[in-house]
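Trainee: no sequence on this one, just coordinates:
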Ligand SMILES: Cc1cc2nc3c(=O)[nH]c(=O)nc-3n(C[C@H](O)[C@H](O)[C@H](O)COP(=O)(O)OP(=O)(O)OC[C@H]3O[C@@H](n4cnc5c(N)ncnc54)[C@H](O)[C@@H]3O)c2cc1C
């Protein structure tokens with residue numbers, strides 16, 4: 001039970017900056033706090049820090065990086081901010097938006113130059129809604145590599161990471177100043193640690209069914225694809241301290257999770273010219289809208305199931321992602337030489353899938369906008385052999401959270417800042433507004449890495 005204890009009892013130990021959570025947000029916060037001259041300690045509930053960061057594709061959007069320049073890509077902070085705000089229908093928090101779009105390029109360069117994370121830009125396809133190629137990933141394009149490298153960097157720099165340490169409560173003054181925290185060890189023992197400032201990097205509430213039902217009722221029964229330890233502690237503690245919550249219904253869904261394998265199938269299968277059909281073989285929406293809103297579109301089909309249809313050329317692009325290679329190895333990707341074989345292998349009516357393939361081919365040939373609103377101009381035709389994956393929709397992570405200012409300080413409802421509490425990543429409000437359709441690819445790690453870096457630096461300055 002996450003709660004805030006108000007007392008003035010002593011602590012066993014007091015540290016300058018405590019960080020809850022060892023995901024991308026917590027690790028970046030700790031690295032920045034260390035560099036700003038203090039000794040942060042991360043408290044992580046798991047035996048090995050992984051979080052949702054490890055489950056992600058590990059892709060961070062950023063404009064104006066050295067990697068972008070090396071690839072000859074023109075981009076700017078303004079263009080990036082406009083793309084995020086366009087996807088969020090103008091509802092992205094303007095203060096957080098400015099902070100993260102300005103800080104993204106420097107943060108990616110910082111991780112590369114100072115901590116040896118060799119990011120390169122994905123330059124063979126453009127994520128929907130991004131008007132420049134600006135997704136930065138490590139070699140395997142996996143979040144597992146990202147978290148391993150961030151943890152390695154933190155350890156090499158001398159950050160102390162206390163694992164197997166679930167923070168169960170905060171200790172505060174009646175005015176809302178955090179005095180410390182209570183951690184519970186796997187053997188049930190409890191420790192009270194004092195701190196000068198606290199950074200919440202413990203993500204959102206995707207793993208908390210009751211909070212999901214309260215804030216995103218449409219996904220109350222959906223598969224949660226993020227880290228189960230993310231139980232909404234940050235929002236519960238923040239609320240108890242008088243913090244404001246913002247855009248709590250905002251989230252990232254995904255409508256392309258191989259079913260029943262439970263493996264993410266990259267949305268490049270759609271953007272590069274593929275499409276989705278339901279169990280009757282019919283298309284049901286504009287797949288170019290984005291993968292986040294795809295969760296609800298797919299879950300709205302009979303059985304909550306759809307099929308991604310694409311071809312070998314697109315599979316070649318998708319294979320750069322470890323997840324796609326895993327999906328292939330697990331037998332989730334079906335190959336078919338003809339539309340009839342495709343229909344047989346997917347158990348859908350042959351004449352319907354044939355008609356659907358023909359109609360998409362016509363839209364592409366005519367360079368037209370289809371009745372769902374998808375613009376097929378310049379999209380290459382599919383060639384046999386076809387490929388298909390049975391998919392479902394899932395909740396990936398929540399985007400609403402604690403209201404913060406440009407220094408990542410947690411705000412009360414009247415706009416004033418709590419004295420020494422900071423939040424980053426999924427713990428803080430994101431830049432996607434209140435709807436799934438407001439999520440632009442990369443918004444998750446963007447606020448984890450950039451707000452994390454800001455929060456750590458500001459927390460260190462506060463206590464020094
Ligand atoms: C499948 C998937 C794919 C994704 N792909 C992308 C992508 O390519 N690009 C992108 O930008 N975003 C992506 N996201 C979203 C992205 O993963 C998250 O937005 C980001 O990882 C959040 O980072 P974080 O540090 O806030 O949280 P996390 O990485 O989840 O870290 C939070 C940590 O806090 C710990 N914790 C929680 N509560 C406590 C507690 N009480 N005490 C101690 N420790 C605690 C958890 O164990 C965890 O280790 C994806 C998400 C998923 C699920």
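Mentor: Great, that's in hand. What you see is a predicted model, and the numbers here were worked out from it, not measured in a lab.

Trainee: Wasn't residue 109 part of a helix?
Mentor: Yes: assessed by DSSP: H, G, I helix; E, B strand; the rest coil, residue 109 belongs to a helix.

Trainee: which strand is the longest one in this structure?
Mentor: strand 386-398 (DSSP state E).

Trainee: Next one: that strand, is it in contact with the ligand?
Mentor: Yes: contact of strand 386-398 with the ligand (Cβ under 6 Å from any ligand atom) involves 396-397. Yep, even glycine has a C-beta here, placed from its N, CA and C like the rest.

Trainee: Residues contacting the following helix or strand past that strand, please?
Mentor: Proceeding N to C from strand 386-398, the next assigned helix or strand is strand 401-402, under DSSP states H and E. With Cβ atoms under 8 Å, 6 or more residues apart in numbering as the test, strand 401-402 has contacts from 200, 204, 234-235, 238, 243-248, 410-411, 423, 426-430.

Trainee: Report the distance from the longest strand of the chain to the chain centre.
Mentor: The chain centroid and the centroid of strand 386-398 are separated by 15 Å under Cα atoms, centre = their mean, to the nearest Å.

Trainee: Residue numbers of the stretch 1-150 of the chain in contact with the ligand?
Mentor: Near the ligand, when you scan the stretch 1-150 of the chain using Cβ under 6 Å from any ligand atom, you find 20-26, 43-46, 49-53, 55-59.

Trainee: Give me the subset of these that lies in strands.
Mentor: Using DSSP E, those in strands are 20, 43.

Trainee: In helices, which of the residues of the stretch 1-150 of the chain next to the ligand fall?
Mentor: If you go by DSSP state H, these have 24-26, 51-53, 55 in helices.

Trainee: Can you tell me which of those is closest to the ligand?
Mentor: Nearest to the ligand, judged by Cβ to the nearest ligand atom, of these is residue 51 at 2.5 Å.

Trainee: Tell me who's in contact with the nearest residue to the closest one once chain neighbours are set aside.
Mentor: Once flanking residues are discounted, residue 51 sits nearest to residue 23: 3.1 Å by Cβ to Cβ, 6 or more residues apart in numbering. If you count contacts by Cβ under 8 Å, 6+ apart, residue 23 has them with 49-54, 147, 201, 203, 227, 425, 448.

Trainee: Turn those into CSV, including pLDDT, neighbour count and distance to residue 37.
Mentor: Shown next, in CSV, are the contacts of residue 23 (pLDDT from 0 to 100; neighbours: other Cβ atoms under 10 Å; distance: Cβ to Cβ, whole Å):
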residue, pLDDT, neighbour count, distance to residue 37
49, 96, 23, 23
50, 97, 19, 29
51, 98, 30, 26
52, 98, 28, 30
53, 98, 31, 26
54, 97, 21, 29
147, 98, 24, 26
201, 98, 34, 20
203, 98, 34, 27
227, 96, 24, 31
425, 98, 37, 23
448, 98, 34, 23
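
Trainee: From the residues you listed, pick the one nearest residue 73.
Mentor: residue 448 (22.9 Å; Cβ to Cβ).

Trainee: my guess is the closest one meets residue 53, correct?
Mentor: Yes: counting by Cβ atoms under 8 Å, residue 448 does reach residue 53; the two are 6.8 Å apart.

Trainee: Could you point out the bridge partners of residue 386 in the sheet?
Mentor: Judged by DSSP bridges, the bridge partners of residue 386 are residue 311, residue 336.

Trainee: how close does it sit to residue 178?
Mentor: The gap separating residue 386 from residue 178 is 56 Å, by Cβ to Cβ, to the nearest Å.

Trainee: what number of residues lie near the closest residue to residue 36 other than its chain neighbours?
Mentor: Among residues not flanking residue 36 along the chain, residue 460 sits closest, at 3.5 Å (Cβ to Cβ, 6+ apart). Neighbours of residue 460 under the rule other Cβ atoms under 10 Å: 25.

Trainee: how about the nearest residue to residue 66, chain neighbours excluded?
Mentor: Of all residues not flanking residue 66 in the chain, residue 109 sits nearest, at 5.5 Å (Cβ to Cβ, 6+ apart).

Trainee: now the one you found: how far from residue 117?
Mentor: For residue 109, the distance to residue 117 - Cβ to Cβ - is 10 Å.

Trainee: Same check on residue 294?
Mentor: The gap separating residue 294 from residue 117 is 30 Å, by Cβ to Cβ.

Trainee: Equivalent analysis for residue 234, please.
Mentor: Taking Cβ to Cβ, one finds residue 234 at 25 Å from residue 117.

Trainee: out of these two, which sits in the busier spot?
Mentor: Under the criterion of other Cβ under 10 Å, the comparison of residue 234 against residue 117 puts residue 234 first, with 30 against 20.
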